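>>> next one to model:
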Amino acid sequence: MLNIAVMSMTFASYFCRLFPNADLDAGYAAAGCAIVFTIIATFGARFTGNVQNIMVGIQLSDVLRIVSIPGMLPGILFCYPAMVFMKRYPNAAKRSFLRVPTWLQIALCVFSMGISFYIGLTMLKSLNPSPAISMVVFYIAGYGYCFIRVAYMKKQGVDIIARGKVEPASWIEKNKPLTAEEEAKPVKNK
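You can find the predicted model right below:
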């Protein structure tokens, strides 16, 4: 039920932004979304899958695969920061309340990357050609838009790529040199 409530509030906020001149109350919109989501959950995915087939001609399982595959295949992109954290932020790692040995952290990341890549590849192989082509076209268009947006923002004087490379001040603060007291604490992270 909590998932339905969270989704309802999220959808309601976007719905109200979609129609700014309609003077919609977000509470009523959230209640309406909650009713719709509860009905969908009550009647199950099979019925909604059939509705999906009738409306757009794509099975619900294909839609879920199309959305999941791009998140699963590049698993290395999500695990890489965790793997290099100890090297890049050694003092922040020593201050951490959860000290995981480096070898275990890397082993878990490699295991996670392998599982993610395997599941993504399995989903990709089970996808029908038409949705697969649609997915590729959609993501190529998305990347194209990204490059166009970066170029446009550069002309406006904003370098999005350079901004993304700037380290947050909070991480610089966490990685400041250790005090004598912190240095004396035993570190089990070697």
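
>>> run the chain-centre distance for the helix or strand encompassing residue 170.
Secondary structure assignment for residue 170, by DSSP states H and E: helix 169-174. Averaging C-alpha positions (CA atoms, centre = their mean, to the nearest Å) puts helix 169-174 23 Å from its chain's average.

>>> show me what that helix is packed up against.
Counting contacts by 3 or more CB pairs under 8 Å, 6 or more residues apart in numbering; DSSP states H and E, helix 169-174 packs against helix 90-95. C-beta coordinates here come from the backbone N, C-alpha and C atoms, glycine included.

>>> distance between the helix it packs on and the chain's centre?
Worked out by CA atoms, centre = their mean, helix 90-95 lies 26 Å from the chain centre.

>>> again, but for stretch 119-136
On CA atoms, centre = their mean, the centre of stretch 119-136 falls 19 Å from the chain's centre.

>>> what sits up against it?
For stretch 119-136, the external contacting residues (CB atoms under 8 Å, 6 or more residues apart in numbering) are 58, 62-63, 65-66, 68-73, 75.

>>> narrow those residues to those in helices?
Assignment to helices by DSSP state H places the following of those there: 62-63, 65-66, 68-72, 75.

>>> got a markdown table for those, with neighbour count, pLDDT and distance to residue 158 too?
Below are the ones in helices among the contacts of stretch 119-136 laid out as a markdown table (neighbours: other CB atoms under 10 Å; pLDDT from 0 to 100; distance: CB to CB, whole Å):
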| residue | neighbour count | pLDDT | distance to residue 158 |
| --- | --- | --- | --- |
| 62 | 21 | 74 | 38 |
| 63 | 14 | 73 | 34 |
| 65 | 21 | 77 | 36 |
| 66 | 19 | 76 | 32 |
| 68 | 14 | 76 | 32 |
| 69 | 21 | 78 | 32 |
| 70 | 14 | 76 | 26 |
| 71 | 13 | 73 | 28 |
| 72 | 19 | 75 | 32 |
| 75 | 19 | 67 | 31 |
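
>>> for the residues you listed, which one is nearest residue 159?
The shortest gap between residue 159 and any of the ones in helices among the contacts of stretch 119-136 belongs to residue 70, at 25.6 Å (CB to CB).

>>> how close does the nearest residue to that closest one once chain neighbours are set aside sit to residue 128?
Nearest non-adjacent residue to residue 70, counting by CB to CB, 6 or more residues apart in numbering: residue 139, 6.4 Å away. Distance from residue 139 to residue 128, counting by CB to CB, to the nearest Å: 17 Å.

>>> and residue 171, by the same measure?
44 Å.

>>> quick one: contacts for residue 175?
Residues near residue 175 by CB under 8 Å, 6+ apart: 89-92.

>>> out of those, which are buried?
Among those, those classed as buried by 16 or more other CB atoms under 10 Å are 89, 92.

>>> cool, thanks, signing off.
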